[in-house]
Structure formats: structure tokens, C-alpha cells
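Asker: next come a sequence and a model predicted from it.
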Amino acid sequence: MSTAIYVRSARPTPTILARQEAECQAFADRAGLTVTRCYTDTGTERDDFQHMLEDASRGNITTLLVTRPDRLSRSFATYLESIDALREADVAVFSAQGGADHHQSSIHAQATLGMATYEEFVTDEASD
């Protein structure tokens, strides 16, 4: 079983990225998972995210840890595409802060609703 962590921040702030990685590592430790790689992106570039998806499609990852679902994407559509691609690659996705496996349909539905609500809130705030 190969477990990876994905961390992302809009700003290249080492403390934010280190905190996200530490939260995911703590989750992995509690779950008895051995982390083999950490993918890191800053700013709007998502090169390591694409590398992670490629590794997942090759079967190099079986479990992916993020601190929160929005680390995969803040865009509702992109989040769903990401979860679907990971599901197709048979990769379990867990949120360290929620512990939820995003493959489970009820969790996927809750995450979908949460992401849609968040995206609507951000859009409303930006238009004010």
C-alpha cells in the first residue's frame, strides 16, 4: 500500500505547507499508514497535482491524504473531476481534519454539497 500526501497553498509559505503535511502525517500515523511521497504545490500552478494524478493512474498510489477537501481544488467542478479520476485509479482519499474517505458515496455527496456551498459563498463575497 502506497500512501501519498498532497499539500497546497496559494502563497509559498513554508509554515502553512509544513502544517498541512504534519496534519496528514499525524493522520497516517494514527491509521497505520506509511507515507511514501508528499506532493506540494504553491500559487496557481498545480504541477505536482498533475504528477500525483499520473502516479495514481499508474497504480503507484493507493491512498491520498489531504488536510481538507478544498486542498484538492476550490473549484467544485475540478474537485469532482479529481475525486472521479482518483476513484477510477482505485485511490482512497482521506481528509486529515475529517477522516472521511471521499470514495464513499455518502461522504462524496456531503463533500459535493459542502464544496458547492463554499463556492457559492466565495462567489457571493467576490461580487459584493
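Answerer: Great, that's in hand.
Asker: C-alpha only now, for contacts and for neighbours.
Answerer: Fine.
Asker: all helices of the chain, in order?
Answerer: 14-31, 47-57, 76-88, 105-127 (DSSP state H).
Asker: show me what the second one is packed up against.
Answerer: With contacts taken as 3 or more Cα pairs under 8 Å, 6 or more residues apart in numbering; DSSP states H and E, helix 47-57 sits against strand 35-42, helix 76-88.
Asker: returning to that earlier point: rank the helices of the chain by pLDDT, which is bottom?
Answerer: Of all these, the minimum mean pLDDT falls on helix 105-127 (a mean of 53).
Asker: OK, contacts around the nearest residue to Thr62 once chain neighbours are set aside?
Answerer: In this structure, Thr62 finds its nearest non-sequential neighbour in Val91, 4.6 Å apart by Cα to Cα, 6 or more residues apart in numbering. By Cα atoms under 8 Å, 6 or more residues apart in numbering, the contact set of Val91 is Ala56, Ile61, Thr62, Thr63, Leu64.
Asker: what about the third one, distance to Thr13?
Answerer: Pointing back at Thr62 there. 28 Å (Cα to Cα, to the nearest Å).
Asker: confidence score at the residue nearest to Thr62?
Answerer: At Val91, the predicted lDDT confidence score is 95.
Asker: what's across from Leu65 in the sheet?
Answerer: Counting by DSSP bridges, Leu65 forms beta bridges with Ile5, Phe94.
Asker: which residues touch it?
Answerer: When the contact criterion is Cα under 8 Å, 6+ apart, the partners of Leu65 are Thr3, Ala4, Ile5, Tyr6, Cys24, Ala28, Val93, Phe94, Ser95, Ala96.
Asker: ok, the residues you listed vs Arg68, which is closest?
Answerer: Ser95 (5.1 Å; Cα to Cα).
Asker: Arg8 contacts Thr44, doesn't it?
Answerer: No - between Arg8 and Thr44 there is no contact, the gap being 9.4 Å when judged by Cα atoms under 8 Å.
Asker: ok, the two, which is more surrounded?
Answerer: Arg8 (27 against 10; other Cα atoms under 10 Å).
Asker: how long is stretch 66-79 from one end to the other?
Answerer: Its start and end residues considered, stretch 66-79 measures 13 Å (Cα to Cα).
Asker: meant to ask about stretch 68-80, not that
Answerer: Stretch 68-80 has an end-to-end distance of 14 Å (Cα to Cα).
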